[in-house]
Structure formats: C-alpha cells, structure tokens
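> sharing a sequence plus its predicted fold:
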Amino acid sequence: MGSFKTCSSANKRCTAFAFTVMLSLLTPSIVIASELKALVGGRLIDGFGHQPIANSVILIRDNVIEEVGTVKTLPVPSGYEVISTEGMDVLPGLWEAHAHLMLNGHANYAHWHPTYKDRLANEIMPASAVQLLLAGITSARDLGAPLEPSLQVKKQIENKEIPGPRLYISGPFIQHAPYPGTENYRWGVASVAQANEKVDLLAAAGVDVIKLIDHDIMPLEVAQAVVDAAHRNNLKVVGHSHKPDEIRRGLAIGIDNFEHTGLTTAPEYPDDIIAMLKERTAKGRIAGGPLYWTPTVEGLFNYSQMVANPEKLDNTCWHRGLKPDTIADIKASLANPGQLAYMQLTPLRQPTLEKKVKQLKDAGVVLLTGTDSGIPTKFHCQSTWNELAVWVDEFGFDPMYTIRAATYWPAVLMGVSDKTGTVSKGKLADIIAVQGDVLKYINLLQRVDFVMKDGVVYKQHGQVIESAL
C-alpha cells in the first residue's frame, strides 16, 4: 500500500480514493448492490418451449427484464453488475400450483390444526413461504387456509416485509359443509344466496382463486352459483377431482382447473369422463380457454421409496423459519413414516398414477405442476422438484413440456402471463439457474444454485444470501 503515500492529506479527493481502495482490499467479500444487473453466459430455457438460447444475456433494471439476447447480440452496457451464469441452465422461476402454507409436513392433522392455528401468520406460513422461495419457487398458489392469515402473509410478501414467492391465495375451501373442527379454513355453502355471499366476500377480501370441494354433494344450482359468482368476480375456480362425480359435476358447472388424480385405487378414469374431457378440450376458447389439471402425484408415487429410505426427512431445509418446538413436533410425528394412517392406501394407489396422468394428457388437458406441498412427509423445500422428476423420469414426459407446466402455463391460467412465466422483455425478473443440463437431468432442480425474484438475488452459487431475507 506504499502508493497511498503519494496522496497529500490536503488532497481530499485523493484521500477518499485511497480509503475506498483500502476498504475494498480489506473486505473483498462485499458485493455492492446494483439496480442494474446482467446475467451472462448461461443457456436460457425461457419458458416459451422453443430451442434454448445458448450464451444468453439478460439485462435487468430494478425488477424488470429489460432485454434478452446473447453475448454476440447484446453487449452489457456500463454500470451493470455482471452475474455469470456460465455452465448453467437459466429458467423462469418455478410455480408451485398447489401448496398448503399452513402445513409443514406434520403427520397428524387432528393435532396440528388446533395446536398451530394461532401461529399460522407469524411462524408457519412465513416459514413455508421462504422454504418455497429458496427452492426456486417464485410463484405459488396457496389452496386452502384461514382467510386472515392468508391475507396477512400475502400482503407482507408483496410489501417485501418477509421473503416468499408471489402468493396467489384461495383462503378457505368452499364446500357443502365443513368437516367438524375445520370451520376456520372450510366454509359451508348450503344455498344459492350463501354461494353468492361467501364468494363475493372472498373476492372483496382479495383472494386470487376460489377452491371448491365436495361439489358433487351440493345441489346443482348451488355449485353452479359458486362458479358463476367466482367468474363474475374474475376469479378462476379450482375444483377437487378425487371422485368421478366431482369431475362430472365440475365439467357441467364450468370449473377451470381440476386437482389430484383420485383418492381411490381405481386403475383408470371411467370412459364417460374421458369422453367428457375430450369434448371440453375440443372447445378451447369457445369454452373460455384450455382446461387445466394439477395431478399432484409425487407424494403418492414416492411414498414407498421414502419409507424404504426416509433419509430425506432429515434434510434440514424444512427447518428454516420454524421454532425449535415446531421442528421437534414435526419430527416426532414422522418417527415411523411407514405406519402413517394418512398414507396406508397410498402403496395401492401408486401403480394407478401413471395411467391416469397419461389419460388426462391424452385427453388434451393442460397439466400444471403442483404437489399438495405441506401434507404429511411433504416439505416445501422438496416437493416441487420431486413432481417434475416423477413426470420426466418415471412417466417419460418431455422435460420442456414439464418445465412449461411449472412456468408458462400456471401464469397463463392465473392471468399474469404478462408479468411472469417466461424470461422475456418486460417481464418481472423472476429467474433461477442450475449448474448443468436440466433438460437431461431434471433432478438438478433439487439444488437450485441461483434464485432471483423481483430482481433481488436470494441464492447464488448454491448459497443463501441471508442479508436478502
């Protein structure tokens, strides 16, 4: 540092420069935050489904993608913080289309719900949110939770008070009658008047979607009123599809997005349902657009493997944000994962899943990636990539198709494809990256190396940026 001696103490500009240089030498790990960022060098899988873009350049101003090009076509202007993505696949931030932020994998609902109902807004749901975000989930649909905690957490994320994905909430389930003890997150609807009243209340409160369950046991006019009220409020309706009559009724009343693949061991969907699905998907825009389905299969498909090797339950990624007593409680509930009453039918259902999902795909529905994340043994930091891996590695789905089911199509369904779902000019800067070829090895997504949401970097080189949380 002998060169500093040439600076006169009277020369304030020289002194300031010398101090800055010295500080940079003493603290080389400090990264100066920049509102201008450039992601440079990686292969971009932009969400549109076409040929990936090699040696990509993505310019970001504040929280918006300014330009997308390549190192040959788009020079990085001066003033941009350059973030190398060399050797990486770069993708839009993933969607988790079916999460339960009020759940964290605990195996006993009868214990969990009363014990943690007053800790949802301040502990449980924020923990779920940050776990999703650090797993590369930059947008999530929370389908079923008490209204006030849902609104609070959604607002806190929007205001950047807590970290989490862009949250699209349903608030409470709408059903014919809530199950005993679930009234805080399930609302009963027994008449057309109640259907209109409760859907309008949810819409006015600020939910993003209506979730409907057991509509097959509602009077037809009541179930129809729920859907009509939702559509009147410009809200999509997500409907359970566990029972054949839920599907038949759901198609009749105009549900937009079906969920699950049936709770029973039936080997396939009945012929009349497949015929109805094909008739509906043939209508396209005339019927209001594509028909969407979120099959949520990975928790069922992987259960037996998890019992044989429960080591994934010991991954501490799901501890983030939870209090020690909560972690201990969840661990205790999972001490014997092969004995869980919730899962006893699952090994018999597992062989039916591939056939059912392929029936849906062949019938022309648009599949979305969602997992029921948060149910017993399913942690928010693991669920989504497991779903993608089942589709590709077990069912033989095309990786690009699968990635679009977790990026582009959920954004289209939710009416936000002008903002998210692709890495393209004018979209919000929700971007992830993994080291390696994700189109060949989809399970690379189990370790997302880079996470950016709204232009903020939350994870880089596989390490969490704790100061951003």
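Structure's in. What do you need? Values in this document were obtained by computation on a predicted structure and should not be read as measured data.
> all strands of the stretch 351-469 of the chain, in order?
366-367, 431-435, 450-453, 456-460, 463-464 (DSSP state E, counting those that start in this stretch).
> ok, which of those strands comes nearest residue 219?
The minimum distance between residue 219 and the strands of the stretch 351-469 of the chain falls on strand 366-367, with 29.8 Å, by C-beta to C-beta. Heads up, the C-betas are built off the backbone N, CA and C, glycines and all.
> could you pull out the helices in the stretch 1-150 of the chain for me?
Secondary structure of the stretch 1-150 of the chain by DSSP state H, counting those that start in this stretch: the helices cover 12-26, 109-116, 125-134, 147-158.
> looking at these, which has the lowest confidence?
Lowest mean pLDDT within the helices of the stretch 1-150 of the chain: helix 12-26, a mean of 38.
> what bits of the protein have low per-residue confidence?
Scanning the chain with the threshold set as pLDDT under 70 gives 1-34, 263, 287.
> how's it carved up into domains?
1-30, 36-93+423-468, 94-413 (automatic domain parsing).
> export those to CSV and tack on mean neighbour count?
Output for the domains of the chain, formatted as CSV (neighbours: other C-beta atoms under 10 Å):
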stretch, mean neighbour count
domain 1-30, 10
domain 36-93+423-468, 19
domain 94-413, 20
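> spatially, which residue comes closest to residue 379, not counting chain neighbours?
residue 318 (3.8 Å; C-beta to C-beta, 6 or more residues apart in numbering).
> what's the answer for residue 448, then?
For residue 448, the closest residue by C-beta to C-beta, 6+ apart turns out to be residue 136, at 3.7 Å.
> same question for residue 258.
Using C-beta to C-beta, 6+ apart and skipping residues adjacent in sequence, the residue nearest residue 258 is residue 241, 4.1 Å away.
> wait, the one you found touches residue 250, no?
Yes. Residue 241 is within contact range of residue 250, at 6.7 Å (criterion: C-beta atoms under 8 Å).
> shared neighbours of these two, which are they?
Contact with both residue 241 and residue 250 is made by residues residue 258, according to C-beta atoms under 8 Å, 6 or more residues apart in numbering.
> picking up where we left off before, so the residue nearest to residue 379, which of the three states?
Using DSSP: H, G, I helix; E, B strand; the rest coil, the three-state assignment for residue 318 comes out as helix.
> pretty sure it contacts residue 378?
No. Taking contacts as C-beta under 8 Å, residue 318 lies outside contact range of residue 378: 9.6 Å.
> which neighbours do those two have in common?
Residues within reach of residue 318 and of residue 378 at once, by C-beta under 8 Å, 6+ apart, are residue 105.
> list the contacts of the residue nearest to residue 258.
Residues in contact with residue 241 (C-beta under 8 Å, 6+ apart) are 247, 250, 258, 259, 260, 261, 262, 293.
> relative to residue 214, how far out is residue 137?
Plainly put, residue 137 is 28 Å away from residue 214 if you go by C-beta to C-beta, to the nearest Å.
> which element is residue 195 on?
Residue 195 belongs to helix 192-205 when assigned by DSSP states H and E.
> meant to ask about residue 330, not that
helix 324-333.
> which SSE is immediately downstream of that helix?
Downstream of helix 324-333, the first helix or strand assigned by DSSP H and E is helix 346-349.
> need the contact list for the residue nearest to residue 57 when sequence neighbours are not counted.
Excluding the flanking residues, the one nearest residue 57 by C-beta to C-beta, 6+ apart is residue 74, at 4.4 Å. Shown in contact with residue 74 (C-beta under 8 Å, 6+ apart): 57, 59, 67, 68.
> quick one: which of those is nearest to residue 88?
Of these, the one sitting nearest to residue 88 (C-beta to C-beta) turns out to be residue 57, at 13.2 Å.
> from residue 212, how far off is the closest one?
Distance, residue 57 to residue 212, by C-beta to C-beta: 44 Å.
> swap in residue 148?
To residue 212, residue 148 is 21 Å away according to C-beta to C-beta.
> can you pull up the most central residue in the protein?
Centroid-nearest residue in the chain, with C-alpha atoms, centre = their mean: residue 96, separated by 2.0 Å.
> ok, it - contacts?
132, 137, 139-141, 165, 369-371, 373, 380, 383-384.
> repeat that for 7 Å
Residues in contact with residue 96 (C-beta atoms under 7 Å, 6 or more residues apart in numbering) are 132, 137, 140, 370, 371, 373, 384.
> farthest-separated two in those residues?
132 and 370 (11.9 Å).
> please enumerate the helices of the stretch 351-469 of the chain.
Using DSSP H, counting those that start in this stretch, helices in the stretch 351-469 of the chain cover 353-362, 383-389, 399-405, 408-413.
> export the third one as PDB, just CAs?
The reference is to helix 399-405. Extracted C-alpha coordinates of helix 399-405, given in PDB (Å, rounded to 0.1, in the frame of the first residue of the first chain):
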ATOM      1  CA  PRO A 399     -38.600 -32.200 -20.000                       C
ATOM      2  CA  MET A 400     -39.500 -29.000 -21.900                       C
ATOM      3  CA  TYR A 401     -43.200 -29.800 -21.600                       C
ATOM      4  CA  THR A 402     -42.700 -30.400 -17.900                       C
ATOM      5  CA  ILE A 403     -40.900 -27.200 -17.300                       C
ATOM      6  CA  ARG A 404     -43.600 -25.200 -19.100                       C
ATOM      7  CA  ALA A 405     -46.100 -26.900 -16.800                       C
END
